[in-house]
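Enquirer: what's the 3D shape of this:
(one chain, ligands or ions: 1)
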Amino acid sequence: MTSTPLNTRFAQLFQLSSPIALAPMALATGGALTATCAQAGALGLLGGGYGDLAWTQREYTLATELLKSDAASHARLGCGFITWKLDENAEALDWVLTQKPCAIMLSFGDPRPYAGRIADAGAQLICQVQRLDQVAQAIEAGASVIVAQGGEAGGHGANALEGRSTFTLVPEVADYLAAHAPNTLLLAAGGVADGRGLAAALMLGADGVLVGSRLWATTESLAATGAKTQATHTSGDGTARSQVFDILRRKNWPAPYDFRAIRNDLHRALENDIPGLKANPEPARASYDAGIKAADFSRAHATAGEAVGLIADVPNAREVIARMTQQAHALLTQ
Ligand SMILES: Cc1cc2nc3c(=O)[nH]c(=O)nc-3n(C[C@H](O)[C@H](O)[C@H](O)COP(=O)(O)O)c2cc1C
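Expert: Numbering: from 1, shown residues only. Below you'll find the predicted structure:
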């Protein structure tokens, strides 16, 4: 692959056969999905999410087991965490660092307090940002890779006031890095679900992509089956970014972050009165909890971004990586 346009600096840094990183999606990116992506030649970042030690140990150990006879794939195994949650308890990060991950990805908060111990463990630091004005802090922390996340992304990201779009954020960060930190690599995140998105990201100046929603809708993902099925029937018009599901899930996210998921019936019923929902959340929480219990996704949430409109099936992750890679390669070489 040395001469192909997909053999980017990012692919070379982690010995990847395609410049794709699996997003560390809380509760969805477990050991099986991470191991499959690493075996498919992508960077596998386990979803350490909110830093639950038992979950992280179980799933990271599963990935390690699945890769135990495959040292090359094991070298592509890392983990991601939600930074503001580490500020409360970093024991899961500290445990992962004993396992010699190739990379740690931090998002949503100040990465600098954790940079020293990540570097000491020999892991590359990957920092996800939502705005240009967060890039300097990530460079100061010593990030080898910056992920520029646009508001199209599934899951948490910057809200409408603070957020940016992938299409403008990526080239702007690319220009900034070229001028201030040319050895720092760049991934595009938010809306990348096929080879067109991968090829476009490289044209915008990225060294690769971080893929969430498309790899969430795979057989190995730990997301609920009903949520994945709902995603295959939803167009890109059918998601929304708001605080609704964080309030229903009792998640105490700080500003300026909110959450993109499929805009289901319960979301629509609540989205026009956020202050009222905050003041009296319990009736809506009861409906949401019942929806989770019944796997009723008109009330329970399905976490996917605008890329959901490009998702029509639930294949295995190896198939997704292969499709994206082949399509991007064809587009970039034709
Ligand atoms: C189900 C789901 C869970 C996510 N959880 C996390 C998380 O725990 N930590 C994180 O840094 N990003 C998380 N993200 C965001 C991803 O890192 C990434 O920015 C996003 O998925 C990219 O956009 P895409 O969904 O269009 O591919 C999550 C995304 C999804 C879809």
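Enquirer: Could I get the contacting residues of Leu187?
Expert: In this structure, Leu187 makes contact with 10, 21, 126, 145-148, 201, 206-210, judged by CB atoms under 8 Å, 6 or more residues apart in numbering. C-betas here are computed from N, CA, C, even on glycine.
Enquirer: which residues in the stretch 101-250 of the chain form strands?
Expert: With DSSP state E, counting those that start in this stretch as the criterion, the stretch 101-250 of the chain has strands at 103-107, 124-129, 145-149, 155-158, 185-189, 208-211, 239-242.
Enquirer: just to revisit the earlier point, looking at the contacts of Leu187, which is nearest the ligand?
Expert: Leu210 (5.6 Å; CB to the nearest ligand atom).
Enquirer: what does this structure put close to the ligand?
Expert: Residues of the chain that fall close to the ligand, judged by CB under 6 Å from any ligand atom: 23-26, 28, 47, 49, 80, 82, 107, 128, 149, 152-156, 189-192, 210-213, 216, 303-305, 307.
Enquirer: Of these, keep whichever come out buried.
Expert: Those of the residues of the chain next to the ligand that meet the buried threshold are 23-26, 28, 47, 49, 80, 82, 107, 128, 149, 152-156, 189-192, 210-213, 216, 303-305, 307, by 16 or more other CB atoms under 10 Å.
Enquirer: for the protein, which spans come out with low pLDDT?
Expert: Low-confidence segments of the chain, defined by pLDDT under 70, are located at 1-3.
Enquirer: what residues go with each domain of it?
Expert: The chain is divided into the following domains under automatic domain parsing: 9-223+313-333, 225-306.
Enquirer: if we can go back for a sec, switch the strands of the stretch 101-250 of the chain over to TSV; also include distance to Asp70.
Expert: Written out in TSV, the entries for the strands of the stretch 101-250 of the chain read as follows (distance: least, CB to CB, whole Å):
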stretch	distance to Asp70
strand 103-107	18
strand 124-129	20
strand 145-149	23
strand 155-158	29
strand 185-189	24
strand 208-211	21
strand 239-242	36
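Enquirer: Could you pull up the residues touching the one residue in the stretch 201-334 of the chain that gets nearest to the ligand?
Expert: Using CB to the nearest ligand atom, the closest approach of the stretch 201-334 of the chain to the ligand is made by Gly212 at 1.8 Å. The contact partners of Gly212, taken as CB under 8 Å, 6+ apart, are 23, 25, 153-155, 189, 305.
Enquirer: Out of those, flag the one nearest to Ala32.
Expert: Ranking those by separation from Ala32, with CB to CB as the measure, puts Met25 on top at 13.1 Å.
Enquirer: Just give the nearest non-adjacent residue to the closest one, would you?
Expert: By the measure of CB to CB, 6 or more residues apart in numbering, the closest residue to Met25 outside its immediate chain neighbours is Gly47, 4.6 Å from it.
Enquirer: same check, this time on Ile82
Expert: In space, Ile82 is closest to Phe108, 5.3 Å off (CB to CB, 6+ apart).
Enquirer: Within its local environment, how many residues does that neighbour see?
Expert: 22 (other CB atoms under 10 Å).
Enquirer: where do the helices sit along the stretch 101-250 of the chain?
Expert: For the stretch 101-250 of the chain, the helices defined by DSSP state H, counting those that start in this stretch cover 112-120, 135-140, 166-180, 195-203, 213-216, 225-232, 244-248.
Enquirer: Kindly reformat the ones you listed as CSV and extend each row with distance to Ala290.
Expert: Converted to CSV, these look like this (distance: least, CB to CB, whole Å):
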stretch, distance to Ala290
helix 112-120, 38
helix 135-140, 41
helix 166-180, 36
helix 195-203, 36
helix 213-216, 24
helix 225-232, 14
helix 244-248, 11
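Enquirer: Can you say which of the ones you listed is nearest to Pro5?
Expert: With distances scored as CB to CB, the stretch of these nearest to Pro5 is helix 195-203 (6.6 Å).
Enquirer: Can you list the buried residues in the closest one?
Expert: For helix 195-203, burial by neighbour count (16+ other CB under 10 Å) applies to 195, 197-202.
Enquirer: Now flag whichever of these is closest to His233.
Expert: His233 lies nearest to Gly197 out of these, by CB to CB, at 20.8 Å.
Enquirer: That closest one contacts Gly191, correct?
Expert: Yes: if you go by CB atoms under 8 Å, Gly197 and Gly191 touch, sitting 6.3 Å apart.
Enquirer: Now for the two: what residues contact both?
Expert: Between them, Gly197 and Gly191 share these contacting residues under CB under 8 Å, 6+ apart: Ala307.
Enquirer: which SS class is the residue nearest to Ala223 when sequence neighbours are not counted?
Expert: The shortest distance from Ala223 to any non-neighbouring residue, by CB to CB, 6+ apart, is to Ala28 (4.7 Å). Classification of Ala28 using DSSP: H, G, I helix; E, B strand; the rest coil returns coil.
Enquirer: Report the contact partners of Ala28.
Expert: Under the criterion of CB under 8 Å, 6+ apart, the neighbours of Ala28 are 47, 216, 221-223, 303.
Enquirer: Can you pull the phi/psi pair for it?
Expert: When quoted as degrees, to the nearest 10, the phi and psi of Ala28 stand at phi -110, psi -40.
Enquirer: circling back: closest to the ligand among the buried residues of helix 195-203?
Expert: Taking CB to the nearest ligand atom as the measure, Gly197 is the one of the buried residues of helix 195-203 closest to the ligand, at 8.6 Å.
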